[in-house]
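Asker: what's the 3D shape of this:
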Amino acid sequence: MKILVIQQKMIGDVLASSVICNNLKLIYPDSQVDYLVYPFTVPVLENNPNIDNIILFEDAYRKSKLALFKFLIAIRKRKYDLVIDAYGKLESNLVVAFSGAKTRIGFYKPYTNYLYSETVKEIINPITEAGTALENRLNLLATLAPNAKLKNKPRIFLTEKEIANGKAILVKNKIDFSKKLYMISVVGSSKNKTYPFLFMAKLLDKIVEKNQAILLFNYMPSQEKEARAIFDLCQPKTQENIKINVVSGSIREFLSITYHCDALIGNEGGAVNMAKAINKPTFTIFSTWIIKEAWNSFENEKSNVSVHLKDFRPELYGQNSAKELKNEALKLYEFFIPNLLFTKLESFLENN
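Answerer: Model (predicted):
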């Protein structure tokens, strides 16, 4: 059987949907499982034994209708038996339509249902510790294996060489391994997903005050100015403990370094999901507009902990969901003061 899984989105989404690939290999051990993703998300899929081929949706397919048409024809020529669309947007709709697959599974939407042979309605409230982002993806497999015991945790597969390289980078930078070492997701993927700079600085001050930990910053090259601005707002003692020049050169290098950290702390996003996929404890600060129940996977109040403004100030949201207040995200951040987080943070630091 030839199977295509589609997830054309961000790193966290691609990693989450990789559980579909992992479980398809459990259900159909002899199948060929291909995964269609954007090129920049490939690092979280490398060495995954459950994915036979990674198919790239190149940026050129957006810019040229001819390039897109040729790509869609190439997909059809692969003659897939089963297509699972975890994305559900126009790009993936086109892939499904052109695939020619007999079985086409996707999420229920009244305006695209005709493209699929089977659809699944997304749940709003989580049933398990995995959270709705993962549960909804696994529900796409429900009709294929109704009684199967599915594995709900995404995994990233690091090689021994990569792990050793991460350790070598830390040794080269004279990291003191007798102290706690935390990776800090210091800047979010956008302004409305970034904990305010001054608040983040106070959080880092608290961490160093609590256990004199060594801190590493994770950020994209384009975010260096923002990362240094947060560094400048920290107390001198905290600055001494931040190794700001230890910067990952790639996503795989970030993973190899994080592997040797005691935990990852900071803004919710791809870095948090990646850390969980290599079994690292996480303390996650959710953006004021993100729905926590979707992405707070495997929380246990010990090794995986998260905080959301709505947990502390529900009256600010009224009857609205967090996502409905996306345009108010920055204003809501003003209420998300560090003191609200400190009790949970201190408990997390004691355990990790």
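Asker: span of stretch 90-110 from start to end?
Answerer: 14 Å (C-alpha to C-alpha, to the nearest Å).
Asker: who's in contact with it?
Answerer: Under the contact criterion C-beta atoms under 8 Å, 6 or more residues apart in numbering, stretch 90-110 has outside partners 4, 6, 8, 36, 57, 61-62, 68, 72-73, 75-76, 79-86, 88, 112, 115-122, 136, 140, 143-144. Every C-beta, even on glycine, is put in place using the N, C-alpha and C of the backbone.
Asker: pLDDT on that stretch, on average?
Answerer: The average pLDDT within stretch 90-110 is 96.
Asker: the closest residue in space to N152 that isn't next to it in sequence: what secondary structure?
Answerer: Using C-beta to C-beta, 6 or more residues apart in numbering and skipping residues adjacent in sequence, the residue nearest N152 is A130, 4.3 Å away. Using DSSP: H, G, I helix; E, B strand; the rest coil, the structure places A130 in coil.
Asker: quick one: residues contacting A130.
Answerer: L138, N152, K153, S297, F298 are the contacts of A130 under C-beta under 8 Å, 6+ apart.
Asker: secondary structure added to these, as TSV?
Answerer: Formatted as TSV, the contacts of A130 follow (three-state DSSP):
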residue	secondary structure
L138	helix
N152	coil
K153	coil
S297	coil
F298	coil
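Asker: quick check: next helix or strand after whichever helix in the chain runs longest?
Answerer: When the chain is parsed with DSSP state H, its longest helix is helix 11-27. Heading C-terminal from helix 11-27, the first helix or strand you meet, by DSSP states H and E, is strand 32-37.
Asker: that next one packs against which elements?
Answerer: Helices and strands touching strand 32-37, as assessed by 3 or more C-beta pairs under 8 Å, 6 or more residues apart in numbering; DSSP states H and E, comprise strand 2-6, helix 11-27, strand 53-56.
Asker: tell me the helices and strands packed up against the first one.
Answerer: Here strand 2-6 is seen to pack against helix 11-27, strand 32-37, strand 82-85, helix 90-99 when contacts are counted using 3+ C-beta pairs under 8 Å, 6+ apart.
Asker: can I assume A60 is in contact with A67?
Answerer: Yes. Using C-beta atoms under 8 Å, A60 makes contact with A67 at a distance of 4.8 Å.
Asker: can you pull out the low-pLDDT segments for the chain?
Answerer: Nowhere does the chain drop to pLDDT under 70.
Asker: quickly list the domain ranges of it.
Answerer: Structural domains assigned to the chain are 2-139, 160-351, following automatic domain parsing.
Asker: any idea how far the closest residue to E293 other than its chain neighbours is from E226?
Answerer: Once flanking residues are discounted, E293 sits nearest to P126: 5.4 Å by C-beta to C-beta, 6+ apart. Distance of P126 to E226, given as C-beta to C-beta, to the nearest Å: 32 Å.
Asker: go on, T119?
Answerer: On the measure of C-beta to C-beta, T119 and E226 end up 41 Å apart.
Asker: state the number of residues packed around P314.
Answerer: Neighbourhood size, P314 [other C-beta atoms under 10 Å]: 10.
Asker: check R78 too.
Answerer: 15.
Asker: can you check E346 too?
Answerer: What E346 shows, counting by other C-beta under 10 Å, is a neighbour count of 14.
Asker: my guess is it meets N211, correct?
Answerer: No. With contact defined as C-beta under 8 Å, E346 does not count as touching N211 (9.5 Å).
Asker: turn the domains of the chain into CSV, including distance to A148.
Answerer: Below are the domains of the chain laid out as CSV (distance: least, C-beta to C-beta, whole Å):
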stretch, distance to A148
domain 2-139, 6
domain 160-351, 20
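Asker: and I244, what does it touch?
Answerer: F217, A227, R228, F231.
Asker: checking it next. Helix, strand or coil?
Answerer: Per three-state DSSP, I244 ends up coil.
Asker: also Y87?
Answerer: What three-state DSSP gives for Y87 is coil.
Asker: against L215, how distant is it?
Answerer: 35 Å.
Asker: what of A16?
Answerer: Using C-beta to C-beta, we find A16 at a distance of 27 Å from L215.
Asker: look at the two and report which has more neighbours.
Answerer: Taking other C-beta under 10 Å, A16 and L215 do not tie; A16 has more neighbours (27 against 24).
Asker: so that one is in contact with T132, correct?
Answerer: No. Between A16 and T132 there is no contact under C-beta under 8 Å: 10.5 Å.
Asker: now do stretch 35-51: distance to the chain's middle.
Answerer: Mean-position distance between stretch 35-51 and its chain equals 13 Å (C-alpha atoms, centre = their mean, to the nearest Å).
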